[in-house]
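A.B. asks: Everything below, folded, please.
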Amino acid sequence: VTVIASIAGIDGAILSSSMFNAMGQIEIPNIAFSQTGAFSVVYELNSTQIGTTTLTITPTDASVANFTIESSGANYQVDGDANFVLVQTRDQFGNERVTPASNSFSVEFVGPTTTLITVCPSATCLLLTGGRYR
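C.D. replies: Here you go, the predicted structure:
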């Protein structure tokens, strides 16, 4: 008898497992994808689908070590031109936060002669959507 649980749709991949824990529950270990949302889990017995459930992945508390910064302002700045960066907050597993960070955080820009520090959220660091700041 072969029992398999599969998750489809995470970065186009299909993750499968036939491992059981001590309580007889099937486990899909080490989902190493930075995703949030709801995904279908399909259960098969001897290649016949016997059921489905939904796996919901939600991010944990924000982890500054995993935040990402993007846009041209993250790489260069032309003197006199307005520029900005986008900060995507993430949890300890790299999942994008879909809600604002529970605590404020600071972004530090270090130049050759000056350092600029801005605190998010604030008038200079606006919450755009979910856990994304500008």
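A.B. asks: ok, the residue nearest the centre of the chain to residue 71 distance?
C.D. replies: For the chain, residue 95 is the residue whose C-alpha lies nearest the centre (Cα atoms, centre = their mean; 1.7 Å). Separation of residue 95 from residue 71 (Cβ to Cβ, to the nearest Å) stands at 21 Å. Where you see a C-beta, it was placed from the backbone N, CA and C, and this is true even at glycine.
A.B. asks: How about residue 18?
C.D. replies: 44 Å.
A.B. asks: Buried residues of stretch 115-127, list them for me.
C.D. replies: By neighbour count on 16 or more other Cβ atoms under 10 Å, the buried set for stretch 115-127 is 118, 120, 125.
A.B. asks: next one: stretch 89-98
C.D. replies: Here stretch 89-98 shows 89-91, 95-97 as buried, counting by 16+ other Cβ under 10 Å.
A.B. asks: Format these as TSV; extra columns: pLDDT and distance to residue 131.
C.D. replies: As requested, the buried residues of stretch 89-98 are exported to TSV (pLDDT from 0 to 100; distance: Cβ to Cβ, whole Å):
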residue	pLDDT	distance to residue 131
89	87	4
90	85	8
91	81	9
95	77	10
96	80	6
97	80	3
